[in-house]
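Colleague: All I have is the shape, not the residue letters:
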């Protein structure tokens, strides 16, 4: 797992430079699940809590990295994009925060994803990312990713 | 207008430090309308276009600044928060990008906002922010802001 973490941490830091400024860090990663931690300090707002944009960005980077790792481990060749996203802010982010996402297997959406990619057809896939401070869920991001073949 | 721009540029840069890293800059601002420009380079993704999180953050900062400026100019005292947001990515952000938002006056939502704040009651207000490259709309962010009294 350490090799996988190092590979995707480097990929994200090298290609999405703001992830370095945000101090976004992968804690655990396999092809079905990811956890990351982001430092609060570079990401504060006028209230000293997490800036809505940074909370979203950390969660988006987390979701993207999971889908990219899944895609690579299954040796699909395509372009991974975010088409649409919705975020609900439940409570202020008052400390370094954890983003967590997992791919639901089995599920109808997952079966469709695999079937379409095996036909080399583009397909959308929804992923939910939870943002927490000390196990208190502060925000929930839902992203519609698109795999473009 | 220059004084207003300087005041809110400083407020955002001082209290949302990531706005400095992003090179987010107010182009025009009054209490009904705002335009900002954000540099692409610090905000790229793996494709060299705008990272979904940065595009969202720039638009969110733009919407927040407009609502904050409106709130201050009307001398309301409350806390301004984002409760929920939805973003649609229409096409890649391939250059320095402009975010634009305006408060629709008159509108039923605006009448409700003013009536509730005059009663010192908390109220939600939806705002749409458009993100463009060279006049091509690349993303649309809809934010539900909450004024907490």
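Modeller: On my side now, so go ahead. Just so it is clear, the model here is predicted, and its values are computed rather than measured. Numbers count the residues shown, from 1 in each chain, chains lettered A, B, ... in the order given.
Colleague: Where does pLDDT dip in chain A?
Modeller: A:1 (pLDDT under 70).
Colleague: 90 instead?
Modeller: Residues of chain A meeting the criterion pLDDT under 90: A:1-2.
Colleague: for it, what's the longest strand?
Modeller: Across chain A, the strand with the greatest residue count (assigned by DSSP state E) is strand A:136-148.
Colleague: Please tell me how far it is from the chain's geometric centre.
Modeller: How far strand A:136-148 lies from its chain's middle: 7 Å, per Cα atoms, centre = their mean, to the nearest Å.
Colleague: List the buried residues of the longest helix along chain A.
Modeller: As assigned by DSSP state H, the longest helix anywhere in chain A is helix A:52-73. Of the residues in helix A:52-73, those scored as buried under the neighbour-count criterion (16 or more other Cβ atoms under 10 Å in any protein chain shown) are A:52-72. No exception for glycine: its C-beta is placed from N, CA and C like everyone else's.
Colleague: Next, the angle from that helix to strand A:136-148.
Modeller: When axes from the mean of the first three to the mean of the last three Cα atoms, to 10 degrees is applied, the directions of helix A:52-73 and strand A:136-148 differ by 50 degrees.
Colleague: Show me the contact partners of stretch A:130-142.
Modeller: When contacts are taken as Cβ atoms under 8 Å, 6 or more residues apart in numbering or on different chains, the neighbours of stretch A:130-142 outside the stretch itself are A:50, A:55-56, A:58-60, A:63, A:85-101, A:126-129.
Colleague: Looking at those residues, which are in strands?
Modeller: Secondary structure defined by DSSP E assigns A:85-89, A:97-101, A:126-129 of the contacts of stretch A:130-142 to strands.
Colleague: biggest separation within the residues you listed, which pair?
Modeller: For the ones in strands among the contacts of stretch A:130-142, with distances taken as Cβ to Cβ, the pair at the greatest spread is A:97 and A:126 (22.0 Å).
Colleague: hmm, back to that, quick one: distance of the longest helix of chain A to the chain centre.
Modeller: Once both centres are worked out by Cα atoms, centre = their mean, helix A:52-73 turns out to sit 2 Å from its chain's centre.
Colleague: do it and chain B meet at all?
Modeller: Yes. Remark: helix A:52-73 sits within contact range of chain B at A:52-54, A:56-58, A:60-61, A:64, by Cβ under 8 Å from any Cβ of the partner chain.
Colleague: sorry, back to before: buried among the contacts of stretch A:130-142? Make that a PyMOL selection.
Modeller: The following PyMOL line selects those of the contacts of stretch A:130-142 that are buried, judged by 16+ other Cβ under 10 Å:
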select buried, chain A and resi 50+55+56+58+59+60+63+85+87+89+92+93+96+97+98+99+100+101+126+127+129
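Colleague: surely residue A:69 meets residue A:32?
Modeller: No. No contact is recorded between residue A:69 and residue A:32 when judged using Cβ atoms under 8 Å, the distance being 9.2 Å.
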